[in-house]
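Asker: what's the 3D shape of this:
(one chain, ligands or ions: 2)
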Amino acid sequence: MNITICFASLPPEPWVQAVQQALPDARVSAWAPGAPPADHAIVWAPPQQFIDEQTALQTLFNIGAGVDALLQLKLPPSLKVVRLDDAGMSVQMAEYVCHAVIRHFREFDGYDADTAAGKWSYRKPRSRADFAVGVMGLGVLGERVAKALQVFEFPVNGYSRSAKDLPGIRCFSGAQGLPEFLAATRVLVNLMPLTPETENILNQGTLSQLQAGGYVINVARGKHLVEEDLIALIDNGHLAGATLDVFRTEPLPADHPFWQHPKITVTPHTSARTLREESIAQIVGKMQALQRGEPIRGVVDHQRGY
Ligand code: NAP
Ligand code: GLV
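Answerer: Residues are numbered from 1 along each chain as shown. Ligands and ions are numbered 1, 2, ... in the order given. Purely as a prediction, here's the structure:
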């Protein structure tokens, strides 16, 4: 088996070594232009030149859950694209989202400001029942996040493309289910893939349907959100604020208004990181399953876009 590794912005060497160690009989190398043909590739945002040159590839293993960057390339329709399927990301995402929801609900930013000023003051407890959290995207990450939020007894709504039935979660689906989902939601968590259907889905029209005092947590992709619409809805008081991990331009430009906005918390695309060991174990396991002719999870539907 020949395996090539091509990353846009990450040194491939530790991956080459670890994959070689896991598959001693394979030939594993970092890709460079003109490299010999490989059977499988492990990639993150490779250039079109990589796809054009590697014409013998059977499988592209993406080292992230989101394949939006990959599907922007011109790919042969028969090329199997496989995304990471959890690999240690769902627990990180659950931590991040629960932290953001609880920090907002319990007003911990306000307490931090008070204590920094040497002020001992109480805030009136808020009712959990008034803070329904709506998770958009009930896949590998969204379902885990929804279940984690239930532990803290928040009312939880879920939204997906196909209809779902998850214990204790009010599930909505499809374009016809979106208005009811938004109207039932105060804190919105976005965990949908970026596809032509979901690009710009968080906009003035949808965000203004959230309950008054709504809050937005975007941990999926920056292009889901129309940034100026979010700022306008926070500034006019309909929304209370936002926690954002992903942006239309990353790194977030130094002069971007999100940095200084008092009601917006920014993190640098870090809510669920790719963990090398877990990811390699999953990818190697899938390569071996394919060799045995067995089905694998996480195969991307090129048409659907995720
Ligand atoms: P997944 O398992 O494929 O789940 C996607 C979910 O979104 C599914 O429930 C799907 O519905 C739903 N969905 C897709 N298109 C929809 C639409 N048009 N309307 C309504 N629902 C729609 O993906 P995942 O592994 O949970 O990952 C989700 C996304 O998180 C990734 O694509 C990536 O962009 C992002 N992510 C971000 C980070 C970070 O660090 N910020 C890390 C990892 C992933 P069905 O169930 O009906 O198919
Ligand atoms: C990270 O953003 C991922 O898609 O895994």
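Asker: quick one: the helix or strand Leu149 falls within near ligand 1?
Answerer: Using DSSP states H and E, Leu149 maps to helix 140-151. Yes: against ligand 1, helix 140-151 shows contacts by CB under 6 Å from any ligand atom at Val140, Leu141, Gly142. C-betas here are computed from N, CA, C, even on glycine.
Asker: for that helix, packing partners?
Answerer: Using 3 or more CB pairs under 8 Å, 6 or more residues apart in numbering; DSSP states H and E, the elements in contact with helix 140-151 are helix 89-105, strand 133-136, strand 156-160.
Asker: out of the residues of helix 140-151 next to ligand 1, which is most surrounded?
Answerer: Highest neighbour count within the residues of helix 140-151 next to ligand 1: Leu141, with 27 neighbours (other CB atoms under 10 Å).
Asker: can you pull the contacts of that residue?
Answerer: Ala65, Asp86, Met89, Ser90, Met93, Leu191, Ala272 (CB atoms under 8 Å, 6 or more residues apart in numbering).
Asker: relative to helix 89-105, how tilted is the helix holding Leu149?
Answerer: 40 degrees (axes from the mean of the first three to the mean of the last three CA atoms, to 10 degrees).
Asker: Next, the buried residues of helix 140-151.
Answerer: Applying a neighbour-count criterion of 16 or more other CB atoms under 10 Å, one finds Val140, Leu141, Gly142, Glu143, Arg144, Val145, Ala146, Lys147, Ala148, Leu149, Gln150 buried in helix 140-151.
Asker: Quick one: mean pLDDT for that helix?
Answerer: Averaged over helix 140-151, pLDDT sits at 98.
Asker: Would that helix count as contacting ligand 2?
Answerer: No: judged by CB under 6 Å from any ligand atom, helix 140-151 and ligand 2 are separated, with a smallest distance of 8.9 Å.
Asker: Can you name the residues of the stretch 51-200 of the chain that neighbour ligand 1?
Answerer: Residues of the stretch 51-200 of the chain found near ligand 1 (CB under 6 Å from any ligand atom) are 65-66, 89, 137-142, 159-162, 191-195, 197-198.
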